[in-house]
Structures are given as structure tokens and as C-alpha cells.
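Enquirer: build me a structure from this.
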Amino acid sequence: MSRRSAAVLALVALAGGCKRPAPASDAPPEQASAPIAAAPDPTPVDHLAPGELLEGPVRAFGLPLPRATAVKGAFVDVTYASGPVSVHALAHYFRTRLRGGRLHERVDEATFEHATVPGNPGVELRVHILAAADGSTVEIRDSTPPAAPSLPDEPSRWRQVGLTPQGRLADPSHLE
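Expert: Residues are numbered from 1 along each chain as shown. Predicted structure coming up:
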């Protein structure tokens, strides 16, 4: 084939004798000419703030424990938990879930005294958080004062403490 015939064939192909489909673009045609929108914020909405703890399913005296902690022992009047969390993160977590009382916070420990849980108002708690090698330990103690016995009269109150109404020992054989 001569140069001249090759050039003629090329012109025929370009002129429309041989139509090739246009290369497909990744975007649909209606979006190809759309204006470019601002990129969405890459931070998801469900991210926690630094030091913020999630509420877990375990409760101690009505107080929800953080998901990052594990219960090490639970008894009638005290619950022990620990986890890889800082003292201040736990103090902030419990501060939002306890009402009343006082908070004493130091570098390596924090203590809530005479605090209550909104869903359990009759129970008074003492929450002590202490720094440990692998995070922190938490002691949640029921510090509700015992109810005073209902005694009908003054001699009954004296007998309750082991004395006669005159102030003498009710049973001299028990001199403890």
C-alpha cells in the first residue's frame, strides 16, 4: 500500500466511515458536567472526644460502668472494677452520672463522697478511683447510713446500747 492510499483510508476513517464509541467515563453523563461540591467532613459523627468513655451494660448500685472497665468483684456493699483508662477520664465519666456529694480529685486519684445516682435516689455512694500500672481501679461502695431503729421510749434506747435507764451496765458479765 502506498502512502497515498494509506492517507486516504485514514481520512475516510476520520470522516465517519468508521465510528468508534467514545471512551466511557467513570461518572454518569449527567454528573460529568455538574459543579464540584465541597468534600464532606472526613470525621464521622459517631467519634468520641479524647478521653470520652462509652456507657457499658454493667451497673453497680444503679450506676452504669464504662464499657472500658471490667468488674473484678461484686459484693453486697461494694463493687470493684478496673480498666485501661486514666483517672481523669473516669472522674469526668462519673461526674456526669452522679448527683450531689463532693469530688476530691488529685493527680493519681479521685473520690466522690455522698453522691447519688438519679435512678436510685435512696442509695448514697462513695466512688474511689485510683491510678494503677495498667490504667485505673474503681471502688464503688454503698455508703448509705443505716436507718435508726424505731424505739418507743427512753428506757428502750438505753437497753439498745446495753445500759439501764440509770446508766449502769445491763449485764455486768459482759464488760467488753
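Enquirer: which stretches of this protein form helices?
Expert: 3-12, 29-32, 87-95, 154-160 (DSSP state H).
Enquirer: any idea which of the ones you listed scores lowest on pLDDT?
Expert: Looking at the helices of the chain, the lowest mean pLDDT belongs to helix 29-32 (a mean of 44).
Enquirer: out of the helices and strands in this structure, which is least certain?
Expert: Of the helices and strands making up the chain, the lowest-confidence element is helix 29-32, at a mean of 44, by mean pLDDT, DSSP states H and E.
Enquirer: ok, L63 to A81 distance?
Expert: 10 Å (CB to CB, to the nearest Å). In this view, the C-beta of every residue, glycine as well, is placed from N, C-alpha and C.
Enquirer: spit out the residues that contact the two alike.
Expert: Common neighbours of L63 and A81, using CB atoms under 8 Å, 6 or more residues apart in numbering, are I140.
Enquirer: find the nearest non-adjacent residue to G122, please.
Expert: Ranked by CB to CB, 6 or more residues apart in numbering and with sequence neighbours excluded, the top spatial neighbour of G122 is T144, at 7.2 Å.
Enquirer: neighbours of the one you found, how many?
Expert: By the measure other CB atoms under 10 Å, the count of residues near T144 is 15.
Enquirer: can you offset everything so residue one is 10?
Expert: Sure, I'll start numbering at 10, so the last one becomes T153.
Enquirer: so it touches P130, yeah?
Expert: No - the pair T153 / P130 is not scored as a contact, 10.7 Å apart, by CB atoms under 8 Å.
Enquirer: what does the longest strand anywhere in the chain rub up against?
Expert: Selection of the longest strand in the chain by residue count, based on DSSP state E, yields strand 129-141. Contacts to strand 129-141, defined as CB under 8 Å, 6+ apart, come from residues 70-72, 91, 95-96, 99-100, 103, 107, 110, 117-126, 145-154.
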